[in-house]
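Colleague: Just to be clear, the model below is a prediction. Sequence and coordinates:
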Amino acid sequence: MATNTHNLLSALKSRSEIDKSLDRGFIWLTRIFALGIAATLLWITIQVSIGAWPAIQEFGAGFLAQSTWNPVNNQYGVLPQVYGTLVSSFIGLLLAVPIGVGTAVLLSENFLPSKIRLVLVFLVELLAAIPSVVYGIWGIFVLVPIITNVGKWLNSSLGFLPIFSTPPSGPGMLPAGVILAIMTLPIITAISRDALISIPPSLRQAAIGLGATRWETIFQVLIPAAFSGIVSAVMLALGRAMGETMAVTMLIGNSNNISLSLLAPANTISSLLANQFSEASGLQVAALMYAALVLFVLTLIVNIFAELIVLRMKRI
Amino acid sequence: MTTSYPESSLTRAPMSKRTLFNTGMTVVAFICGALALLPLLAVLSYVLIQGFSSLSPSIFTELPPAPLRKGGGFGNAILGTLLMVGIGALISIPFGVLAAIYLTEFSSGKIARVVRFATNILSGVPSIIAGVFAYGIVVLTLVKLNLGSYSAIGGGFALAILMLPIIVRTTDEALQLVSQDLRQASLGLGATKFQTVAQVVLPAALPAIVTGITLAIARAAGETAPLLFTALFSQFWPTSLFQPTASLAVLVYNFAITPFKNLQSLAWAASLILVLMVLITSIIARWATRQKA
């Protein structure tokens, strides 16, 4: 019996060397490309840092606190742009988070027949696919006139508040924030909905069984259970909002001043880059690269944070 | 006949605070849903109306007109978009598919986790940063080599960076859905790993991979920010890959902010083409994946 097996085994020819090396080569090839993705991320960081180096040496950390942007005198600071990036993203999220989470609840519970729900989910996803520049042109011709009218009323009746203290200028912080809300809504809805759907049904049944109404269940059981998912959705949306370029550039007015009024024009880092990069030279290119690096680091932190929450959620 | 519990006590009182709150919140949720769909309908209807009214056959064959002149088109921008998206696809498809094959087929946990993490982070990198990166890598290199500066190559490279994470992610998911039995059967018959992947696993996952690639292409065609300073824009037909090149997305941006009515209407027509492209690919992709499931 033992010799029989031995004979059989020896009869099995091992693979030819060509096959073996082809396999090994193929695995190595795919491995190189896979590692290439991580390398690309690193390469972007290094490349942008190298480009920014002359400006980093010249301005140091003071770049973040300076508010002049003057290519003629080679004086650069990105405080107004950082302010504009953060405030416009904040307005966007302030509008998008309640609507997005509300829509996610609507699309995850059985308020509607499942066929209609699927169509609505698809429509909300479609909102994410429309190119940013199309939101921009729509914003210029439709949104800005509407917001200017609303802004006139806000300024005349609530003008004592610093955020409405200037008459609307057409493009400005508020239209940019509204367009960011529209553009980040699909992310918030999609990820929050995933988080709500993946809650085990037993939780819901237990709460209903104890006599809770549907919305008591949603507020006291489902949303707390999906909370980390919702937070990561908001973080990803924040990352997207801070990096969004075209629609914001077309609607924010591109003024390098800080104004507390939401009706005044402002600027963001990405809009600054979009406006000036192709015509810049010398130290201005380095300063723009430095601004890009600031934006890159900001979005990187937000995205890594969001990703870590998602990973932790998966493990639970 | 004596029931100690009247039937009505089992239903919640219709006017109790809790019931009212419940009904109120349901209304709020529906309002949220309506508010979420409102911009989609507003954007789509406006682009369709404005776009179709500016559409004409000359749009596909002619060059952009001078301001105030009637007619004209943006054939060069359509060609430029195709060219740059093509370059982007040529770089990112083999790169992304091979990387995804490693993730699902060969990797041992740890590397895959790192690479998947990097992929997700890469997909969150703002598109304008991809533009700055491509400027540093391609445009400055071309200047150094005296081959040109702003060009279709630079634009295509920037688009490749943006397409890469989408392709990796969709291919990765598609490969994971291929049943393990197929791989085992193939290996059991004596096929090598390369044969298994190339002849069994990839064909099984192909429809889903193609869907992912199509979505990535549609997304890239609408990208504007990274093209502003890698490909720039041009009023002429593209003659070389090393020259500034027009694209639909940059055309929309450039013409939307001009005060000239004829250029604005061209911008609307270009928006319509971009939106239709996204709409059609999304619907086909949705339909194709539904067929499989």
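Modeller: Structure received.
Colleague: Kindly state the pLDDT recorded for residue A:237?
Modeller: On pLDDT, residue A:237 comes in at 95.
Colleague: Please spell out which residues along whichever helix or strand it is part of are buried.
Modeller: Using DSSP states H and E, residue A:237 maps to helix A:227-243. Neighbour-count burial for helix A:227-243 flags A:229-243 (criterion: 16 or more other C-beta atoms under 10 Å in any protein chain shown). (Each C-beta comes from the backbone N, C-alpha and C, glycine too.)
Colleague: helix or strand right after the helix or strand of chain A with the lowest mean pLDDT?
Modeller: Taking mean pLDDT, DSSP states H and E as the measure, helix A:2-11 is the helix or strand of chain A with the lowest mean score, a mean of 56. For helix A:2-11, the following helix or strand on the C-terminal side (DSSP H and E) is helix A:17-59.
Colleague: how distant is that next one from the center of its chain?
Modeller: In terms of C-alpha atoms, centre = their mean, to the nearest Å, the centre of helix A:17-59 is set 24 Å apart from its chain centre.
Colleague: Quick check: phi and psi at the residue in the stretch 151-293 of chain B that chain A sits nearest to.
Modeller: For the stretch 151-293 of chain B and chain A, the shortest gap (C-beta to the nearest C-beta) falls at residue B:222, measuring 2.7 Å. Phi and psi for residue B:222, reported as degrees, to the nearest 10, are phi -90, psi -10.
Colleague: which ones are touching it?
Modeller: A:130, A:131, A:132, A:133, A:134, B:249, B:274, B:277, B:278 (C-beta atoms under 8 Å, 6 or more residues apart in numbering or on different chains).
Colleague: which one of the buried residues of helix A:227-243 is nearest chain B?
Modeller: Using C-beta to the nearest C-beta, the buried residues of helix A:227-243 come closest to chain B at residue A:243, 2.5 Å.
Colleague: what about the longest helix in chain B?
Modeller: As assigned by DSSP state H, the longest helix anywhere in chain B is helix B:17-54.
Colleague: name the helices or strands packed onto that one?
Modeller: Packing partners of helix B:17-54 (3 or more C-beta pairs under 8 Å, 6 or more residues apart in numbering or on different chains; DSSP states H and E): helix A:79-108, helix A:114-129, helix A:132-138, helix A:173-197, helix A:214-217, helix B:261-292.
Colleague: got these as TSV, with mean neighbour count, distance to residue A:297 and mean pLDDT columns?
Modeller: Below are the helices and strands packed on helix B:17-54 laid out as TSV (neighbours: other C-beta atoms under 10 Å in any protein chain shown; distance: least, C-beta to C-beta, whole Å; pLDDT from 0 to 100):
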stretch	mean neighbour count	distance to residue A:297	mean pLDDT
helix A:79-108	23	11	96
helix A:114-129	16	25	90
helix A:132-138	27	22	96
helix A:173-197	26	20	95
helix A:214-217	19	41	92
helix B:261-292	18	31	87
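Colleague: and of the ones you listed, who's closest to residue B:178?
Modeller: Comparison of those against residue B:178 by C-beta to C-beta identifies helix B:261-292 as nearest, at 11.6 Å.
Colleague: ok so, going back, next SSE downstream of the longest helix of chain B?
Modeller: By DSSP H and E, the next helix or strand past helix B:17-54 is helix B:58-61.
Colleague: low pLDDT regions in the stretch 1-150 of chain B?
Modeller: When residues are selected by pLDDT under 70, those of the stretch 1-150 of chain B lie in B:1-10.
Colleague: Identify whichever of the helices and strands packed on helix B:17-54 lies nearest to residue B:228.
Modeller: That would be helix A:132-138 among those, by C-beta to C-beta, at 10.3 Å.
Colleague: what packs against the closest one?
Modeller: When contacts are defined as 3+ C-beta pairs under 8 Å, 6+ apart, helix A:132-138 packs onto helix A:173-197, helix A:246-251, helix B:17-54, helix B:248-256, helix B:261-292.
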